[in-house]
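# following is a predicted model, sequence given first.
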Amino acid sequence: MEKTLSIIKPDGVARGLIGEVIRRFESDGIKIAQMKLIRLTTEDAQGFYAVHKQRPFFNSLVEFMTSGPVVVMVLEGDNVIERNRKIMGATNFVEAAPDTIRRCYATDIEKNIVHGSDSLESAEFEINFFFKN
Ligand code: IDP
Ligand code: MG
């Protein structure tokens, strides 16, 4: 069964959207296989987003991701990487499809409520980053 990593970012947790995000996954038939509420350190956020370290928004993204608690989850299901990305919507909420999480709740290209792995390779790296063994 395919797996992917989902994060409810600090804006989603602070705004009381944990239940709403999980409801969207569960109502699509996606299983929550693992889950924890944690506060990322600067080192955690830098390591997790290492692929973006040359991007102009990197420092701001690290600061945002460490600004409050996050929920990290392993989602499980057929084709779950792509299904999760579809439920999330495009990175920039103004381009996200109607009724996606980001279209409904994001306020900013950075503060966009959720993270989701974008490939089998990133899912493996990201799941292992937070859930060793
Ligand atoms: P994704 O989350 O849809 O996969 P990525 O391009 O991987 O999007 O970017 C990671 C995160 O970095 C985004 O979710 C968003 O929080 C932030 N981000 C992406 N592009 C920008 C930007 O142009 N300005 C500010 N933040 C951005
Ligand atoms: Mg990404």
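Perfect, I can see it now. Ligands and ions are numbered 1, 2, ... in the order given.
# just list the residues touching residue 118, thanks.
Contact analysis of residue 118 by Cβ atoms under 8 Å, 6 or more residues apart in numbering lists 81, 85. All C-beta spots, glycine's among them, are computed from the backbone N, C-alpha and C.
# helix or strand: which one has it?
According to DSSP states H and E, residue 118 maps onto no helix or strand at all.
# which stretches in the chain count as strands?
3-8, 31-38, 70-76, 114-116 (DSSP state E).
# if I look at residue 73, how far off is residue 25?
8 Å (Cβ to Cβ, to the nearest Å).
# of the two, who's got more company?
Using other Cβ atoms under 10 Å as the criterion, residue 73 and residue 25 rank with residue 73 on top: 27 against 21.
# measure the more buried one to residue 13 for me?
For residue 73 relative to residue 13 (Cβ to Cβ), the value is 12 Å.
# which one of the strands of the chain lies closest to ligand 1?
With Cβ to the nearest ligand atom as the criterion, ligand 1 lies closest to strand 114-116 of these, at 5.4 Å.
# give me the number of residues near residue 102?
23.
# once you drop chain neighbours, what's closest to it?
Distance criterion Cβ to Cβ, 6 or more residues apart in numbering; nearest residue to residue 102, sequence neighbours excluded, is residue 89 at 3.8 Å.
# what of residue 116?
residue 84 (4.4 Å).
# any regions of the chain where pLDDT drops low?
Along the chain, the model assigns pLDDT under 70 to residues 133.
# the most centrally placed residue in it pairs with what?
With distances taken as Cα atoms, centre = their mean, the residue of the chain nearest its centroid is residue 115 (1.8 Å). Going by DSSP bridges, residue 115 is paired in beta bridges with residue 7.
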